[in-house]
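S.K.: no sequence for this one, just the structure:
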């Protein structure tokens, strides 16, 4: 019997995820979708049900309580809360219901990693969160499959596309306001980009990387971080850097890179990371474009893995 999925959030990533799901034969069914304006549930929602809901969510304003919902996998694509408490409470309830969790939402994991993982372990459930750090760029799935025989001791990456895109456009003579409009038009920037531009989004990802890859138990409040600069030079990028030498360190800040660095050769819509290991050479992974469909693909892969 196929497992059932409940999807919370129907923004750019959510809509692309639903397109991907209904474009093929999936090993799971969609049993519910909700956003801020409405909710639709059923044992096996058809594509027409989903399209009708997306076109007119306000026609489905009555929502079942979380306890009344029936699903096997909860997919969190909601806008991140500032303190992560909303996400923490939702994941706790999902685990207690006997459900696994897939998340593209960073705030809960960045603010309450220890509590979330403790509840997951207590209930024996699973949680995957590939899309929380680098959209569609594989990090955790790569480390947990092809590279699981090696210990990662270094990570550096461009993990916030919006901030780096805006800075790069500014270096090409485009005004800050126009660069922000361009990011929205490209589908990589939200209407409110404050989390990206202040560095908050990148900092959340730095905490998740620290905890998931390097076994730390950090919270967002433990990290001082930087946002973008309005007058950057062409070699500047907003980077997350983490690693273990004699001790563990992590930063999320603007770095001035050496000319010729591979990060400087990337296309404006690209994401990239490099990881160092004990006993093998550095691995660099990049993609030319990271947008909603790529992020949705990472979410879908997590769902299929659990299903």
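M.R.: Yep, it's here. Computed from a predicted structure; not experimentally measured. Residues are numbered from 1 along each chain as shown.
S.K.: Whichever strand or helix holds residue 298 - contacts with which helices or strands?
M.R.: Using DSSP states H and E, residue 298 sits in helix 292-306. In terms of contacts (3 or more C-beta pairs under 8 Å, 6 or more residues apart in numbering; DSSP states H and E), helix 292-306 is packed against helix 12-21, strand 73-76, strand 100-103, strand 127-128, helix 131-134. From N, CA and C alone the C-beta is placed, and that goes for glycine too.
S.K.: okay, the ones you listed in CSV with mean pLDDT, mean neighbour count and distance to residue 209 next?
M.R.: Formatted as CSV, these follow (pLDDT from 0 to 100; neighbours: other C-beta atoms under 10 Å; distance: least, C-beta to C-beta, whole Å):
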stretch, mean pLDDT, mean neighbour count, distance to residue 209
helix 12-21, 96, 20, 20
strand 73-76, 98, 25, 19
strand 100-103, 98, 26, 15
strand 127-128, 98, 22, 15
helix 131-134, 95, 28, 6
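S.K.: sorry, back to before: between the helix holding residue 298 and helix 12-21, how big is the angle?
M.R.: 60 degrees (axes from the mean of the first three to the mean of the last three C-alpha atoms, to 10 degrees).
S.K.: Quick check: closest non-adjacent residue to the spatially most central residue of the chain.
M.R.: Centroid check for the chain by C-alpha atoms, centre = their mean gives residue 132 as the closest residue, at 2.0 Å. Distance criterion C-beta to C-beta, 6 or more residues apart in numbering; nearest residue to residue 132, sequence neighbours excluded, is residue 106 at 4.8 Å.
S.K.: Could you measure from the one you found over to residue 129?
M.R.: Separation of residue 106 from residue 129 (C-beta to C-beta, to the nearest Å): 8 Å.
S.K.: Which neighbours do the two have in common?
M.R.: Counting by C-beta atoms under 8 Å, 6 or more residues apart in numbering, the shared contacts of residue 106 and residue 129 are residue 208.
S.K.: All the helices of this protein, in order from the start?
M.R.: All helices of the chain, identified by DSSP state H, fall at 12-21, 47-55, 85-96, 107-123, 131-134, 140-143, 161-171, 176-185, 194-197, 200-214, 292-306.
S.K.: Could you point out which of those helices sits nearest residue 33?
M.R.: Nearest to residue 33, of all the helices of the chain, is helix 47-55, at 6.0 Å by C-beta to C-beta.
S.K.: Isn't residue 156 up against residue 274?
M.R.: Yes: with contact defined as C-beta atoms under 8 Å, residue 156 reaches residue 274; the gap is 5.5 Å.
S.K.: quick one: which of those two has more around it?
M.R.: More crowded of residue 156 and residue 274, by other C-beta atoms under 10 Å: residue 156, with 21 against 15.
S.K.: where does the residue nearest to the more buried one when sequence neighbours are not counted sit relative to residue 78, distance-wise?
M.R.: Residue nearest to residue 156 in three dimensions, not counting chain neighbours: residue 241, with 4.6 Å by C-beta to C-beta, 6+ apart. Residue 241 is 29 Å from residue 78, where distance means C-beta to C-beta.
S.K.: So between these two, which is more surrounded?
M.R.: Between residue 241 and residue 78, counting by other C-beta under 10 Å, residue 78 is the more crowded of the two (23 against 16).
S.K.: So the more buried one sits against residue 8, correct?
M.R.: Yes: here residue 78 lies in contact with residue 8, judged by C-beta under 8 Å, at a distance of 5.3 Å.
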